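[1] sequence below, structure please.
(2 chains)
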Amino acid sequence: MTHHVHVPDASQPVNLAAPSRIALIVGAVAFALFLVGWFVNPTTFYQAYLMAFFFWINMSLGCLALVMIQHLTGGRWGMTIRRTAEAGIRTLPMMAVLFVPLALFGVHRLYEWADPAVAATDHVIHHKAPWLNVAGFQIRAVIYFVLWIGAGTLLVRASRRQDATGDPKVGRTYARVAAVGGILYFFSMTFAALDWGMSLDAHWFSTMYGVIFIIGQCLGAMALLLFTLILLSRHEPLKTLFRVDAMHDLGKLMLAFTMLWAYVSFSQYLIVYSANLKEEIPYYIRRGHGGWEFLSVGLIALNFFLPFVVLLSRTVKRTRSLLLWVAALVVVLRFLDIFWTLAPSMRGDSMAAAISWMDLAAVIAIGGLWVAMFLRNLSSTALLPFRDPKFEEAIVHAGH
Amino acid sequence: MTAHGHKPVGPPIHGMAARFEDASALTAAARAARLEGYARMDAYSPFPIHEMDEALGIRRSILPFLVLAAGIAGCVGGFGMQWWMSVVDYPLNIAGKPLVSWPQWVPVAFETTVLLSALTAAFGMFALNGFPMPYHPMFNVKGFDRVTTDAFFLCIEADDPQFDVTQTAKFLQGLGALEVSEVVH
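    Model (predicted):
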């Protein structure tokens, strides 16, 4: 096209030091408060820690999954979120450090299989002991983090090289790492969900469990990235370069992940409901009584129907101020899913007795650190892959 | 088929077609024609032009709402069908479950929802586009077969209240058209 378009410089990082510092302060204060919880009740403390940890590492790993998906499939949407998602990936080393207390101390308070007395007497747990034992739990956690941080580092390093040199061969590195890393991520995340979440009910099993986490991660990360990008688009360069069409695409993907999350969650329920086996059905019986039934219905209504209906609207997906709220809602509601999945397994039959102030404190504590790290990472590179060979076509000239 | 320089007689025509150099010229011409007050016109190009809907003043299609209605009908119909089968027509005790075991109906209701939505989207699109349409007056325009490769046409249609054979032809000429011709039925 002949008409001139003013394009802001996308190569300069945006300074986010101030919000990063605020997040760090909030996180540190919440962490201090949360640590008091350990003296109140160490078991509740580690339960809250586990849920908050899951919530935030889901964001990190969702970023990793989305980046790998987009390297394999291409598309303008990936160009828009790539650098922001990479900032999320780079929180993984911090999350690995935050997992240490769980691996060393929390494991004994959270999982009944970690108690040698139970493992010796309970027939089923005894049978599963070759997998469900403390040393195995710790070794596997090391393997998971090595795989995730390894794949993430290779991708981020390739992006650094692209920003510095514009080397077109970076695209092949991306594709190779994403292909191998994607497969490894799928398996490792399935096993991590089994180790950290499913084994809370050591007698219970579901092959859908890991998939539900994986889809939940993609959904949460997509919502968080969309939220971040919309906020950043109040200023240049994203004010110009984060176009409504790109936002529309991301909104559609958030809708798709919302549906996919409902699909896999319901699949697990339908299989268990239909078979009605005494090894499987207690999981849902517990979540259907003692107040948990309200959370279950609320989860379906708020995590599926509400975003589904709202995101069907084209106007919502194309209006920044509206989509910002939907994305924020989806992010916050991810915790409802985590709580629904983990809390009944850890805290018993009554929902009223299962809610603790520590849950909120833990989410804000780890969240403050996560957001601070995320924003710091985001300030260290350009917000868009400005030297990608397809950047001009996908971002600068999109819609012209 | 066109009369040179003088007002043609005979059957009323479909409209006045103009060929343009490229996509941006076509878009600019459509915008100018709308500013001039023309409302009934259409553009023809080898590929979709992003801004053309807005340039031609085409309103958003009602298709999404048809698809939504069909989806709801498919969902209600899918559930209703299974309810009627399991509760009214052929009640069976399966694994001691209540007759209204609705979770098991969800997959079929989901499929009927998707089926009806997809069929409505496809056939609704055809219907709203006026298909099937084996004949169109634009086929009479000289060189119109090139519209699938490298030609860009704007046709102001004769049923536009402002349409006037001489005036409209002159107007299109003034927009930088490469060629202007009447479109006969």
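
[2] from here on, just use CA atoms for contacts and neighbour counts.
    Noted.

[3] for B:Ser86, which non-adjacent residue is spatially closest?
    Distances taken as CA to CA, 6 or more residues apart in numbering or on different chains place B:Leu99 nearest to B:Ser86, at 6.2 Å, with adjacent residues excluded.

[4] now do the SS call for the one you found.
    What DSSP: H, G, I helix; E, B strand; the rest coil gives for B:Leu99 is coil.

[5] also B:Glu182?
    strand.

[6] with B:Asp42 instead?
    At B:Asp42, secondary structure determined by three-state DSSP is strand.

[7] close enough to count as contact, it and B:Ile156?
    Yes: B:Asp42 is within contact range of B:Ile156, at 6.7 Å (criterion: CA atoms under 8 Å).

[8] which elements pack onto the one helix or strand in chain A whose mean pLDDT sits lowest?
    Here the helix or strand of chain A ranked lowest by mean pLDDT, DSSP states H and E is helix A:391, holding a mean of 78. On a contact count with 3 or more CA pairs under 8 Å, 6 or more residues apart in numbering or on different chains; DSSP states H and E, helix A:391 meets no helix or strand.

[9] who touches that helix?
    The contact list for helix A:391 (CA atoms under 8 Å, 6 or more residues apart in numbering or on different chains) reads A:79, A:385.

[10] list the contacts of A:Ser350.
    A:Ser350 touches A:289-292, counting by CA under 8 Å, 6+ apart.

[11] okay, these in a markdown table with distance to chain B, neighbour count and pLDDT next?
    As requested, the contacts of A:Ser350 are exported to a markdown table (distance: CA to the nearest CA, whole Å; neighbours: other CA atoms under 10 Å in any protein chain shown; pLDDT from 0 to 100):
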| residue | distance to chain B | neighbour count | pLDDT |
| --- | --- | --- | --- |
| A:His289 | 18 | 15 | 92 |
| A:Gly290 | 21 | 15 | 91 |
| A:Gly291 | 21 | 15 | 91 |
| A:Trp292 | 19 | 22 | 93 |
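
[12] need these in JSON lines (columns: secondary structure).
    Shown next, in JSON lines, are the contacts of A:Ser350 (three-state DSSP):
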{"residue": "A:His289", "secondary structure": "coil"}
{"residue": "A:Gly290", "secondary structure": "coil"}
{"residue": "A:Gly291", "secondary structure": "coil"}
{"residue": "A:Trp292", "secondary structure": "helix"}
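
[13] tell me where chain B has strands.
    Secondary structure of chain B (DSSP state E): strands at B:15-20, B:41-44, B:152-157, B:179-183.

[14] could you report the neighbour count for the closest residue to A:Gly75 other than its chain neighbours?
    Take A:Gly75 and drop its neighbours on the chain: the residue closest to it by CA to CA, 6+ apart is A:Ala394, 8.0 Å away. For A:Ala394, the tally of surrounding residues (other CA atoms under 10 Å in any protein chain shown) stands at 18.

[15] isn't A:Ala394 up against A:Leu241?
    No: A:Ala394 is not in contact with A:Leu241 according to CA under 8 Å; the separation is 10.0 Å.

[16] quick one, what contacts B:Val106?
    Neighbours of B:Val106 in contact, by CA under 8 Å, 6+ apart: B:Phe79.

[17] how near is it to A:Ile281?
    In this view, B:Val106 and A:Ile281 are 19 Å apart by CA to CA, to the nearest Å.

[18] now swap in B:Gln104 and tell me
    15 Å.

[19] and B:Pro64, by the same measure?
    40 Å.

[20] check B:Leu119 too.
    38 Å.

[21] those two: who's more crowded?
    Set B:Leu119 next to A:Ile281 and count neighbours by other CA under 10 Å: A:Ile281 wins out with 17 against 14.

[22] so that one sits right up against A:Ile271, yeah?
    No: A:Ile281 sits out of contact with A:Ile271 when judged by CA under 8 Å, with a separation of 9.8 Å.

[23] B:Val183 against B:Met16, yeah?
    Yes: if you go by CA under 8 Å, B:Val183 and B:Met16 touch, sitting 5.7 Å apart.
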